[in-house]
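>>> Would you be able to build a 3D model of this:
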Amino acid sequence: MPATESLSILTTTPSMDLGHQFRLSYLLSLNAITCGLELCTSAAFSYIPPMLLKAGFSEALMSLVMGLGPVLALLIVPFLGVVSDSCTSRYGRRRPFIFYLSIGTIVTLIIIPYGSSLGMFNLALAVIILDFCTQACYTPFEALLSDGCTNPLQHNRSFTVFSFMTSIGGCIGYWLTSIDWRQTRWGTYFDKDEKAVFAILLIIFGAAAVISLILANDSPAKRKTVAKKSITHHDNTLRTKDMKELTDQIDNYLQKSTIDSSAKTPSLNGDMPYHVLISDGPIMYANNLKSTNLQNLVKTRTKVTHCNLLCRLAIRILPGTVVQNLRELHESIVTMPHVLSRLWLAHFVTTTAVMGFKLFFTDFVGTAIYSGSPDSMKGTHVQYLYDVGVRMGSWGLLLHGITSAIYSACLEALVSTVGTRRTYMFGIMSFTLATGSIVFTRNLTLVLWLAAITGCAYATVTALPYTLLTTYHENIQKYYSDLSIDCRHLHGKGIDVAMLDSAYFLSETISAIFFGLLVHYTGSTAVYMICSASFGVLGCYYVSKIQY
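Model prediction:
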């Protein structure tokens, strides 16, 4: 796209007719919820690791709790992506999911500040649910943004504003955590900084969610009309009989299936889609069933061998619509196109580096720079040093957020000037150099400025992967050319965004658990920065392999 056709998001001119949906003022208001989500994530999860440690959790157990929320998101969100693609609610495809996940976020924001008095289990459960809801809520919203994009200028504008508002939320969140609230009038109403901050988060996020849900232009999916015969009592009886016969024959076929490639079974076309095992659509008659080739109920014999138990259980237990959604999810994963798998891998590695830094930077400053300890007795000088270090670490993350916001505002112009590849690579390389330098210095001022540089990477990983994914969907025949026509329909924007987000969830899980365990065994929080820098190096390599 020529540079003259792309303008920075902050310099919109009347001549640019992108429509109401892509006006800067509308996009900023619509993205209020992304600002609120990042606000909750940055502020809450700056306090949560110290809160867990003070509540009696070990470093390893704290890391496990921090990693379970992304694990839930990794398992559940791809399924939500499939369901949202076909959601026919009158409120739209994406808004119902955003609403319920927002409710979960609000409830946990109320519970967590008082979680220590409710017991370690309740505190851990609330943290896991908050982590899941805040991370999972991004997926339907990203799909909502992508749904309305029809050209490169629109999707660049949408996700640049998305990244910008995310960075603004991070700035506000880290600024809130850097304040000693006990010295303020607001803090006098609460006995702890955590309660004062979480009350602010509750108010801001609630208002942001309401604004976004009202402004969202979200239409429901079109209902799939299937010609049906009128269902009579005879049809119902026959359908029940057919289903029993079908499941019995599937069991017999699955039991005979083996991994032995030399088995004498007709070869299957790898591009052939699954047939629906249970359907709310056309009635299956016995005479048609007997002539059905049961091998067509699966895609390949290998997949039958891997999924035989799942098929048996799903057919007997789950409703037909759930089975169909699970089937579509499985098909979408096993037919992931080559360009998407490369993008997924690069996104996984880069977000592992960035999330490892963001999750543990305050703990690193409190222990490595200030020589404090979260395990010391309350009121001791060592714990005071740790608390001061956590607040100073929040200032570093505030600088990180400011840099991210500025870089986000320049992304559109940078992409049009130097290209997506160089912009992507610069963001990850700057992060790698900054975190690598932090390992070798204990000068607070230098550490804070290096933390600011890492903001470029955060702006990059929250915008460019989704911009590329939207580009792929604009020309799906070109980018998904390794898929058959039958398989391409499986990759709606909702499921592909969910799969890309699954890389983010997995990265958060790896960084939370793996990084924490290494710190537990080595006894040094410097390992956090070493791991982040190492994944940054890998990220540079995999970013160079993406198809642009």
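>>> and stretch 504-511, C-alpha only, in CSV?
The C-alpha coordinates for stretch 504-511 follow below in CSV (Å, rounded to 0.1, in the frame of the first residue of the first chain):
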residue,chain,number,x,y,z
TYR,A,504,-0.8,-16.1,23.9
PHE,A,505,-2.5,-18.2,26.6
LEU,A,506,0.0,-21.0,26.2
SER,A,507,2.8,-18.4,26.4
GLU,A,508,1.5,-17.0,29.6
THR,A,509,1.2,-20.5,31.0
ILE,A,510,4.8,-21.3,30.1
SER,A,511,6.2,-18.1,31.4
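>>> ok now that stretch, how far from the chain's centre?
Relative to the centre of its chain, stretch 504-511 is centred 9 Å away, using C-alpha atoms, centre = their mean, to the nearest Å.
>>> who touches it?
If you take C-beta atoms under 8 Å, 6 or more residues apart in numbering as the criterion, stretch 504-511 is touched by 67, 69-71, 73-74, 77, 131, 135, 347-349, 351-352, 355-356, 359, 531-532. Quick note: C-beta positions are derived from backbone N, CA and C, even for glycine.
>>> Could you rerun that using 6 Å?
Identification of contacts with stretch 504-511 by C-beta atoms under 6 Å, 6 or more residues apart in numbering yields 67, 70, 71, 73, 74, 348, 351, 352, 355, 356.
>>> Give the ChimeraX command for selecting the buried subset of those.
The following ChimeraX command selects only the buried members of the contacts of stretch 504-511, with burial defined by 16 or more other C-beta atoms under 10 Å:
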select :67,70,71,73,74,348,351,352,355,356
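>>> Figure out how far the helix or strand where residue 61 lies is from the centre of its chain.
Assessed by DSSP states H and E, residue 61 sits inside helix 59-85. In terms of C-alpha atoms, centre = their mean, the centre of helix 59-85 is found 9 Å from the chain centre.
>>> Stretch 25-36 too?
Distance of stretch 25-36 from its chain centroid, counting by C-alpha atoms, centre = their mean, is 18 Å.
>>> hmm, back to that, same for the helix holding residue 61, what does it pack against?
In this structure, helix 59-85 makes packing contacts with helix 120-136, helix 320-334, helix 493-510, helix 516-522, judged by 3 or more C-beta pairs under 6 Å, 6 or more residues apart in numbering; DSSP states H and E.
>>> 10 Å - rerun?
With contacts taken as 3 or more C-beta pairs under 10 Å, 6 or more residues apart in numbering; DSSP states H and E, helix 59-85 sits against helix 32-54, helix 95-111, helix 120-136, helix 138-147, helix 320-334, helix 338-364, helix 493-510, helix 516-522.
>>> a markdown table for the ones you listed, including distance to residue 155 and mean pLDDT?
Formatted as a markdown table, the helices and strands packed on helix 59-85 follow (distance: least, C-beta to C-beta, whole Å; pLDDT from 0 to 100):
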| stretch | distance to residue 155 | mean pLDDT |
| --- | --- | --- |
| helix 32-54 | 16 | 84 |
| helix 95-111 | 20 | 92 |
| helix 120-136 | 22 | 89 |
| helix 138-147 | 7 | 83 |
| helix 320-334 | 21 | 56 |
| helix 338-364 | 15 | 89 |
| helix 493-510 | 11 | 79 |
| helix 516-522 | 36 | 83 |
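>>> Those: which one's closest to residue 455?
Nearest to residue 455, of all those, is helix 338-364, at 9.8 Å by C-beta to C-beta.
>>> what is the orientation angle of that closest one with helix 59-85?
Inter-element angle recorded for helix 338-364 and helix 59-85: 140 degrees (by axes from the mean of the first three to the mean of the last three C-alpha atoms, to 10 degrees).
>>> Buried ones in helix 338-364, by neighbour count?
By neighbour count on 16+ other C-beta under 10 Å, the buried set for helix 338-364 is 339-340, 343-364.
>>> Might one say that residue 148 is in contact with residue 159?
No - Residue 148 lies out of contact with residue 159 (C-beta atoms under 10 Å); the separation is 11.9 Å.
>>> any idea how far residue 37 is from the closest residue to residue 375 other than its chain neighbours?
Using C-beta to C-beta, 6 or more residues apart in numbering and skipping the chain neighbours, the partner closest in space to residue 375 is residue 53 (6.6 Å). Per C-beta to C-beta, to the nearest Å, residue 53 is found 25 Å from residue 37.
>>> what about the two, which has more around it?
Shown here are residue 53 and residue 37; by other C-beta atoms under 10 Å, residue 37 has more neighbours (27 against 18).
>>> Poorly predicted segments of the stretch 351-500 of the chain, please.
Residue ranges of the stretch 351-500 of the chain with pLDDT under 70: 482-494.
>>> Dump the contacts of stretch 504-511 to JSON lines, plus distance to residue 405.
Below are those laid out as JSON lines (distance: C-beta to C-beta, whole Å):
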{"residue": "67", "distance to residue 405": "28"}
{"residue": "70", "distance to residue 405": "24"}
{"residue": "71", "distance to residue 405": "30"}
{"residue": "73", "distance to residue 405": "25"}
{"residue": "74", "distance to residue 405": "28"}
{"residue": "348", "distance to residue 405": "25"}
{"residue": "351", "distance to residue 405": "18"}
{"residue": "352", "distance to residue 405": "23"}
{"residue": "355", "distance to residue 405": "18"}
{"residue": "356", "distance to residue 405": "21"}
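>>> Can you tell me which of the contacts of stretch 504-511 is closest to residue 94?
residue 73 (16.3 Å).
>>> So what's the residue count around the nearest residue to residue 182 once chain neighbours are set aside?
The shortest distance from residue 182 to any non-neighbouring residue, by C-beta to C-beta, 6+ apart, is to residue 193 (6.5 Å). By the measure other C-beta under 10 Å, the count of residues near residue 193 is 21.
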